[in-house]
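Trainee: I'll drop the sequence and a predicted model, then ask my questions.
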Amino acid sequence: MKVIYENKVKALGVSVKEFQDSNMFILFGDNAPEELRDYCYSVSVNPINGTITAGQTLKIDENEYQITAVGEEAPVTLAGLGHCTVNFNGAAAAELPGTICVENRPLPDIQVGTVIQILEK
């Protein structure tokens with residue numbers, strides 16, 4: 001499998017659990033705006049090695065989820081700011097441009113040190 005994107009969670013905002021009820025999480029680099037920082041999983045700003053598309057796999061530690069939709073801005077903000085929202089709703093189209101949608105399954109446990117990858121078979 002080709003690794004399109006890889007990162008490791010460095011810190012958890014104090015309110016990250018609030019978005020779990022909505023079946024989503026937010027990644028953001030160190031420069032997250034103050035009003036969002038508490039709701040984000042902090043990551044480094046890492047490059048994307050290719051194009052992120054539906055049909056690829058989002059891997060969170062050992063949990064794999066099929067990507068169902070990619071908002072047009074998600075790859076741009078992910079590469080530039082470490083920012084994107086991952087929504088576990090199985091949608092065929094992302095409602096917001098900075099969102100990556102994956103199959104509708106429960107969110108995995110995300111902690112400091114969790115590895116997040118996007119893989120292409």
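Mentor: That came in fine, so what should we check first?

Trainee: Could you report the neighbour count for C84?
Mentor: Other residues near C84 come to 25 when the count uses other C-beta atoms under 10 Å. Heads up, the C-betas are built off the backbone N, CA and C, glycines and all.

Trainee: which residues sit in contact with A54?
Mentor: Each residue near A54 by C-beta atoms under 8 Å, 6 or more residues apart in numbering is listed here: I67, T68, A69, V70, A92.

Trainee: let me redo that: N31
Mentor: By C-beta under 8 Å, 6+ apart, the residues touching N31 are L81.

Trainee: Quick one: the strands in the protein, in order.
Mentor: Taking DSSP state E to define them, one finds strands in the chain at 2-8, 11-12, 24-28, 40-42, 57-60, 63-70, 84-87, 99-102, 115-120.

Trainee: got the CA coordinates for the last one in CSV?
Mentor: Read that as strand 115-120. Extracted as CSV, the C-alpha positions of strand 115-120 are listed here (Å, rounded to 0.1, in the frame of the first residue of the first chain):
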residue,chain,number,x,y,z
VAL,A,115,-0.9,7.2,14.1
ILE,A,116,-3.2,8.5,11.3
GLN,A,117,-2.6,7.4,7.7
ILE,A,118,-4.3,7.7,4.4
LEU,A,119,-3.4,4.7,2.2
GLU,A,120,-3.9,3.8,-1.4
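
Trainee: If the residue nearest to A69 when sequence neighbours are not counted is in a bridge, with which residues?
Mentor: Closest residue to A69 apart from its sequence neighbours, by C-beta to C-beta, 6 or more residues apart in numbering: C101 at 4.1 Å. As for beta bridges, C101 partners with A69, N87 under DSSP bridges.
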